[in-house]
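Peer 1: Sequence first, predicted coordinates after that:
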Amino acid sequence: MNVFWTCITDTWTPTIGDPDLLGWATTLLYLAAAYLSFRCVRTARLSSSERRFERYFWASTAVLLALLAVNKQLDLQTFVTSAGRCVAQGQGWYGLRRGVQLAFALVIAGMLGFWVVWILIGLRHAMSRMWLELLGIIAVFAFVLLRVLRFLHVYHTHLLGNNAWVERIFELTGPIILIVAAQRFLGRHRKP
């Protein structure tokens, strides 16, 4: 276990992940969107199963956005990558890591895909009023998937090259859309 931690600390140190202005602005966007999503949870009425699902949607969105805000500054994906590398080297399967990385990417993609299907089924009767929320969460999911693929070196040269700006567009667009959608949702449910 000591060797494992030494390996990780040799390749990863806990520092602020994105200390520049855009990094902090993105973190604040995530936090603002998470806060507004939490307010939507508290505002959503539980009069029907559809409304109950809206509450679940906002709760899961708030948690995801809060985790992304923490990750934005703590750079936890680098920790996970370092830990995985150390485990692979320590257990002797480092040469097979590409298959494990691909499996990990497929698991993440599957989880995101399941979440999207769950949302679409749960909100099927509310699409006309929740389309903006869906667009925002899909942009967030696209960013997460692109980031996972980049850290696992799956798309670096195969799909998009080294175009981090594509990730940045999704990273900024998702929370902005969700902020607007949450404001709209709160406006619809404001008590007279």
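Peer 2: Received the coordinates, thanks.
Peer 1: any idea what sits nearest the residue nearest to the spatial centre of the chain, other than its immediate chain neighbours?
Peer 2: In the chain, the C-alpha closest to the average C-alpha coordinate belongs to Val144, at a distance of 4.6 Å (Cα atoms, centre = their mean). Once flanking residues are discounted, Val144 sits nearest to Leu112: 6.6 Å by Cβ to Cβ, 6 or more residues apart in numbering. Bear in mind the C-beta positions are built from the backbone N, C-alpha and C, glycine included.
Peer 1: Next one: that neighbour relative to Arg147, how far apart?
Peer 2: Distance of Leu112 to Arg147, given as Cβ to Cβ, to the nearest Å: 11 Å.
Peer 1: re the thing from before, and for the residue nearest to Val144, the neighbour number?
Peer 2: Counted with other Cβ atoms under 10 Å, the neighbours of Leu112 add up to 18.
Peer 1: Under a three-state scheme, what state does it occupy?
Peer 2: helix (DSSP: H, G, I helix; E, B strand; the rest coil).
Peer 1: Quickly note the distance from it to Ala88.
Peer 2: From Leu112 to Ala88 the distance is 24 Å (Cβ to Cβ).
Peer 1: Over to Val63?
Peer 2: Separation of Val63 from Ala88 (Cβ to Cβ): 30 Å.
Peer 1: Equivalent analysis for Thr43, please.
Peer 2: Distance, Thr43 to Ala88, by Cβ to Cβ: 46 Å.
Peer 1: What segments of this structure are helices?
Peer 2: Assignment of helices within the chain using DSSP state H yields the ranges 2-11, 21-43, 49-74, 76-91, 97-122, 127-151, 164-188.
Peer 1: Now do the last one against helix 127-151, angle only.
Peer 2: Using axes from the mean of the first three to the mean of the last three Cα atoms, to 10 degrees, the inter-axis angle of helix 164-188 relative to helix 127-151 is 150 degrees.
Peer 1: If you rank every helix and strand of this structure by mean pLDDT, what lands last?
Peer 2: The weakest-scoring helix or strand in the chain, judged by mean pLDDT, DSSP states H and E, is helix 2-11 (a mean of 74).
Peer 1: and the residue lying closest to Ser60 once chain neighbours are set aside, how many residues sit next to it?
Peer 2: Counting by Cβ to Cβ, 6+ apart, the nearest residue to Ser60 once its immediate chain neighbours are dropped is Trp115, at 7.5 Å. Residues near Trp115, counting by other Cβ under 10 Å, number 15.
Peer 1: Val140 is in contact with Trp115, correct?
Peer 2: No: taking contacts as Cβ atoms under 8 Å, Trp115 lies outside contact range of Val140: 10.3 Å.
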